[in-house]
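Engineer: Structural data only, the sequence is not supplied:
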Ligand SMILES: *Cc1c(COP(=O)(O)O)cnc(C)c1O
Ligand SMILES: [Zn+2]
């Protein structure tokens, strides 16, 4: 008997893992499955105070992989939870932490799901693993697969940012650039997987991807001393991550390791706001047709979010909200977050910051609350967008000739991000007048200082 079974999100039919690989046979590609555990048994078997190792596999007992399955050697998960005091002051909330997924081996949160995909593919002795992706899921799959010598075929839209395509090619994936949208790439990949018998990682189709991604919620709770924050802000494209964050916190409540599930705030781009629109208009996402998606934040561009049912459930069940933010706000968030926290984000990840500000202005977040923002992907993933963002913010480098006069002349000019209190102009001004106020946390830190994961023993 398996430790878990699968349950259709639409009809509630249950299946043993050996009987179904992806979706509910009665509902086709819409019949997304939940992975359901015997929580009483898991709680009896697992002690949250003695989890092993410093990677996501410390939660192996709560993951749908065989006990003895060999694991990829890359260190995936257990990323830092950074107490971002300057951003916290700007957001005017009691506490703000950034869950920094830029530390993942391929630079995004998607590594968590791809790690599970590669283990499941090995369990099934699959010769090829395939996925459709806007770029990060593909890079994650290609990277983790490379670490174990697994062949991959990748479908990405021809518009995917160059860095992501470069990763794919360097990792040795067979890359198919689809002359169409991400949604076209998904349909093509599902058909190709069926035709050629490949193991398919595609989000919102493979039920185990949410299971990999849910480990980010486990870590947040563990890093806060097995407590949930009040709010988690999540950028949303297909909706897999936000559904997985919900699943992770719900698992922990079922296990009795935390008391409550945080409210989840989903952030979409105004040019790709299927879920935000459906939420504010009360539309049924089981029947709402696709929209035309277009945003600078390629990782959250999805005309028909594949995991829309789980995403909507996550927000409704936690009394959360969806907000949408413009491309200009997303781009502006890149230098703001970078300059005020040291964390450099790709557009989709920076959208979380713009979304937090919007959610606070719309009163979905209270000043007294403790907030975690998911920093889902690295700024190095899309350097073109970052350069656009700093140019829009008026930040520019100055070319100097190799002499001090030229340096002095250059320093006399405005440098751009003037509001940063640690800017060179401030530092060169009266040192005595130095204003450190933006560094100071407002209010008390509600939990003990997060300890690095792995120290728990
Ligand atoms: C995939 C991704 C998202 C959105 O996740 P969904 O599951 O598609 O909602 C957000 N940010 C980054 C960096 C991503 O790669
Ligand atoms: Zn069904």
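Structural biologist: Structure received. It should be emphasised that the depicted structure is a prediction, and the values quoted were computed from it without experimental measurement. Ligands and ions are numbered 1, 2, ... in the order given.

Engineer: Tell me if I'm right that residue 39 and residue 251 touch.
Structural biologist: Yes. Contact criterion Cβ atoms under 8 Å: residue 39 and residue 251 qualify, at 7.4 Å. Glycine gets a C-beta too; all of them are placed from N, C-alpha and C.

Engineer: In terms of neighbours, single out the busier of the two.
Structural biologist: Set residue 39 next to residue 251 and count neighbours by other Cβ atoms under 10 Å: residue 251 wins out with 23 against 16.

Engineer: Remind me which helix or strand the more buried one belongs to.
Structural biologist: Using DSSP states H and E, residue 251 maps to helix 240-255.

Engineer: now that helix: mean pLDDT?
Structural biologist: In this model, helix 240-255 has an average pLDDT of 98.

Engineer: If you count neighbours, what's buried in it?
Structural biologist: Within helix 240-255, the residues that count as buried by 16 or more other Cβ atoms under 10 Å are 240-252, 255.

Engineer: Turn these into CSV, columns for distance to residue 314.
Structural biologist: Output for those, formatted as CSV (distance: Cβ to Cβ, whole Å):
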residue, distance to residue 314
240, 10
241, 9
242, 5
243, 5
244, 9
245, 7
246, 4
247, 8
248, 10
249, 9
250, 9
251, 13
252, 15
255, 18
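
Engineer: when you check ligand 1, which of those residues turn up near it?
Structural biologist: By Cβ under 6 Å from any ligand atom, the members of the buried residues of helix 240-255 lying near ligand 1 are 240-241.

Engineer: which one of the buried residues of helix 240-255 sits closest to ligand 2?
Structural biologist: The closest of the buried residues of helix 240-255 to ligand 2 turns out to be residue 243 (Cβ to the ion; 16.8 Å).

Engineer: got the contact list for the closest one?
Structural biologist: Contacts for residue 243 (Cβ atoms under 8 Å, 6 or more residues apart in numbering) come out as 210, 307, 310-311, 313-314.

Engineer: The host helix or strand of residue 313 relative to helix 240-255, how many degrees between them?
Structural biologist: Assigned by DSSP H and E, residue 313 falls within helix 308-317. Here helix 308-317 runs at an angle of 50 degrees relative to helix 240-255 (axes from the mean of the first three to the mean of the last three Cα atoms, to 10 degrees).

Engineer: mind listing the helices for the stretch 51-200 of the chain?
Structural biologist: All helices of the stretch 51-200 of the chain, identified by DSSP state H, counting those that start in this stretch, fall at 85-91, 111-123, 136-148, 162-171, 182-196.

Engineer: Show me what the first one is packed up against.
Structural biologist: Using 3 or more Cβ pairs under 8 Å, 6 or more residues apart in numbering; DSSP states H and E, the elements in contact with helix 85-91 are strand 95-100, helix 327-341, helix 347-361.

Engineer: Now render the ones you listed as CSV, adding distance to residue 374, mean neighbour count and mean pLDDT.
Structural biologist: CSV is the format used below for the helices and strands packed on helix 85-91 (distance: least, Cβ to Cβ, whole Å; neighbours: other Cβ atoms under 10 Å; pLDDT from 0 to 100):
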stretch, distance to residue 374, mean neighbour count, mean pLDDT
strand 95-100, 5, 26, 98
helix 327-341, 12, 22, 97
helix 347-361, 6, 27, 98
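
Engineer: how about these in a markdown table, adding distance to ligand 2?
Structural biologist: Below are the helices and strands packed on helix 85-91 laid out as a markdown table (distance: least, Cβ to the ion, whole Å):
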| stretch | distance to ligand 2 |
| --- | --- |
| strand 95-100 | 33 |
| helix 327-341 | 36 |
| helix 347-361 | 31 |
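
Engineer: Show me which residues of this structure are close to ligand 2?
Structural biologist: Contact residues, the chain versus ligand 2 (Cβ under 5 Å from the ion): 8, 10-11, 13, 24, 26-27, 31.

Engineer: Could you dump the helices of the stretch 51-200 of the chain into JSON lines and include mean pLDDT?
Structural biologist: Formatted as JSON lines, the helices of the stretch 51-200 of the chain follow (pLDDT from 0 to 100):
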{"stretch": "helix 85-91", "mean pLDDT": "97"}
{"stretch": "helix 111-123", "mean pLDDT": "97"}
{"stretch": "helix 136-148", "mean pLDDT": "97"}
{"stretch": "helix 162-171", "mean pLDDT": "96"}
{"stretch": "helix 182-196", "mean pLDDT": "95"}
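
Engineer: which non-adjacent residue is nearest whichever residue of the stretch 151-300 of the chain sits closest to ligand 2?
Structural biologist: With Cβ to the ion as the measure, residue 286 is the residue of the stretch 151-300 of the chain nearest to ligand 2, at 11.6 Å. Leaving aside its sequence neighbours, residue 286 sits nearest to residue 309 (Cβ to Cβ, 6 or more residues apart in numbering; 6.7 Å).

Engineer: what about that neighbour, distance to ligand 1?
Structural biologist: Distance, residue 309 to ligand 1, by Cβ to the nearest ligand atom, to the nearest Å: 13 Å.

Engineer: Go ahead and confirm that residue touches residue 11.
Structural biologist: No. Residue 309 is beyond contact range of residue 11, at 12.0 Å (criterion: Cβ under 8 Å).

Engineer: Neighbour count for those two, which is higher?
Structural biologist: residue 309 (21 against 11).

Engineer: Next one: the more buried one from ligand 2, what distance?
Structural biologist: Here the criterion is Cβ to the ion, to the nearest Å. By it, residue 309 lies 11 Å from ligand 2.

Engineer: Grab the most central residue of the protein for me.
Structural biologist: Nearest to the mean C-alpha position of the chain, by Cα atoms, centre = their mean, lies residue 376 at 3.6 Å.

Engineer: show me what contacts that residue?
Structural biologist: If a contact means Cβ under 8 Å, 6+ apart, then residue 376 has 101, 108-109, 234-235, 241, 299, 345-346, 348-349, 352 as its contacts.

Engineer: Can you tell me the SS state at residue 233?
Structural biologist: Here residue 233 is strand, with the state taken from DSSP: H, G, I helix; E, B strand; the rest coil.
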